[in-house]
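Novice: got a predicted model here, sequence first, then my questions.
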Amino acid sequence: MKQIFLVEDDRAIARNLSRLLLSEGFSTVCAYTQKEALHAICQTRPDLALVDVSLPDGSGFAVCTAIREQQEIPVIFLTASGDEASVVTGLNMGADDYIVKPFRPRELIARIHTALRKNKAAPPVLTVCGLSVDTSSGIAQKNGREIPLSALEYRLLLVFLHNPRTILTRDRLLNEIWDAAGEFVTDNTLTVYIKRLREKIEDDPARPQIILTVRGIGYRLGNEDSFK
């Protein structure tokens, strides 16, 4: 049975999450404060951490840092805020994902399974066409130069990098990134976000080589001979 390290100051939420996780075949170790979390992470070897950003005696960011210093496990932040800066901070610290409260239980379980699969199979650095993304640090670089990405742009890019030989429909992309903007992402705004991402990662955004358009369907990542 895989073990989840749950850091959540609201005991009612922690209790309900523990029940949900148990029903899905996960055991849990709970901590309710930053101090408890920092002590517990030294005593256990979980498979994944769910960490609330806001804690009564500190923040989930400090907990994430401690986890990263000791263990290579996926970290998913739980946050009641759609604040872009907080999300970007978490991703830049090496978090694998985040989910905004209130969330759908099935969505949380799906995110957990996705993070566990990626942690098992994905290399820490993903590269294509001179672009590299270090998923352990959340840093993207193009030809050695760091590229500043918003939380939504980073998640969108990871969707492509984790599906290198798959045509991604617009509906799938919308489903993957809708809450990264803190609001529902429409089909029209997806086009805008794709354009912004291309402007940052492509040598020539007018002739993209990394994110290619598949007319009438969606997009796909580069040509196979582009991968390193």
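Specialist: Happy to help now that I have it.
Novice: how close does Ala14 get to Asp203?
Specialist: 48 Å (Cβ to Cβ, to the nearest Å). (C-beta placed from N, C-alpha, C; glycine too.)
Novice: so the two - more neighbours on which side?
Specialist: Ala14 (19 against 13; other Cβ atoms under 10 Å).
Novice: just give me the neighbour total for the nearest residue to that one once chain neighbours are set aside.
Specialist: Closest residue to Ala14 apart from its sequence neighbours, by Cβ to Cβ, 6 or more residues apart in numbering: Glu8 at 4.2 Å. Glu8 has 24 neighbouring residues, counting by other Cβ under 10 Å.
Novice: swap in Val87?
Specialist: 26.
Novice: for the residue nearest to Ala14, give its distance to Lys101.
Specialist: Distance from Glu8 to Lys101, by Cβ to Cβ: 10 Å.
Novice: cool, Pro56 as well?
Specialist: Shown here: Pro56 relative to Lys101, a distance of 16 Å by Cβ to Cβ.
Novice: next: Asn175.
Specialist: The value you get for Asn175 to Lys101, if Cβ to Cβ is used, is 19 Å.
Novice: swap in Glu153?
Specialist: The value you get for Glu153 to Lys101, if Cβ to Cβ is used, is 23 Å.
Novice: next one: Asn163
Specialist: Distance from Asn163 to Lys101, by Cβ to Cβ: 28 Å.
Novice: show me where this structure has its strands.
Specialist: In the chain, the strands defined using DSSP state E lie at 2-7, 26-31, 48-52, 54-55, 58-59, 75-79, 97-100, 125-128, 131-134, 139-142, 145-147, 168-169, 211-214, 218-221.
Novice: quick one, which of Asn175 and Lys101 is more surrounded?
Specialist: Regarding Asn175 and Lys101, a neighbour count based on other Cβ under 10 Å identifies Lys101 as having more, with 15 against 12.
Novice: which neighbours do Glu8 and Lys101 have in common?
Specialist: Overlap of the contact sets of Glu8 and Lys101 (by Cβ atoms under 8 Å, 6 or more residues apart in numbering) consists of Leu78.
Novice: so which residue is smack in the middle of this structure?
Specialist: Asp97 (2.5 Å; Cα atoms, centre = their mean).
Novice: who are the contact partners of the residue nearest to it when sequence neighbours are not counted?
Specialist: In space, and not counting its chain neighbours, Asp97 is closest to Ile76: 4.7 Å by Cβ to Cβ, 6+ apart. Going by Cβ under 8 Å, 6+ apart, Ile76 touches 48-51, 95-99, 111-112, 115.
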